[in-house]
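*Asks:* Output the structure for:
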Amino acid sequence: MPYNRIFQIVKKYIDALDYYALLEGGAPDDEFDIESQKISVMINADSSVSEIAEVIAKVFEEYFGNKENPDVYYKLAGDIKRDLLQKE
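*Replies:* This next block holds a predicted model:
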């Protein structure tokens, strides 16, 4: 799967999560693009939901300083995985 497609999927869900309500508060549309890019290069359609959740937790810890259990991101990771498995 091309990187751009993975990035678009990840961006859709990371933006919807709107960590700290930054987008809602008027932050630019690309506010979470760096995090979405980092996640996108670390996952693919073969990644498990648990692996995707772990990557999200790791990236958010790196960029926001919050160490959270990956289970917090399990539903989000499941949504990303579902879209990664869909045909274009």
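*Asks:* alpha carbons only for contacts and neighbour counts from here, please
*Replies:* Fine.
*Asks:* Would you mind measuring from Ile43 to Ile56?
*Replies:* 10 Å (Cα to Cα, to the nearest Å).
*Asks:* more crowded one of the two?
*Replies:* Between Ile43 and Ile56, Ile56 has the larger neighbour count (other Cα atoms under 10 Å), namely 28 against 20.
*Asks:* contacting residues for the more buried one?
*Replies:* Ile39, Pro70, Tyr73, Ala77 (Cα atoms under 8 Å, 6 or more residues apart in numbering).
*Asks:* biggest separation within the residues you listed, which pair?
*Replies:* Ile39 and Pro70 (13.5 Å; Cα to Cα).
*Asks:* Give me the more crowded residue out of those two.
*Replies:* Ile39 (24 against 17).
*Asks:* List the residues that contact the more buried one.
*Replies:* With Cα under 8 Å, 6+ apart, Ile39 has these contacts: Val10, Val55, Ile56, Val59.
*Asks:* and which of these is nearest to Gln86?
*Replies:* For those, the closest approach to Gln86 (Cα to Cα) belongs to Val10, at 13.6 Å.
*Asks:* Could I get the full set of helices for the chain?
*Replies:* Counting by DSSP state H, one finds helices in the chain at the ranges 3-17, 33-42, 49-64, 74-85.
*Asks:* Adding distance to Leu23, write the ones you listed out as TSV.
*Replies:* As requested, the helices of the chain are exported to TSV (distance: least, Cα to Cα, whole Å):
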stretch	distance to Leu23
helix 3-17	8
helix 33-42	12
helix 49-64	15
helix 74-85	18
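*Asks:* which sections of the chain are below the confidence cut-off?
*Replies:* Scanning the chain for pLDDT under 70 picks out 88.
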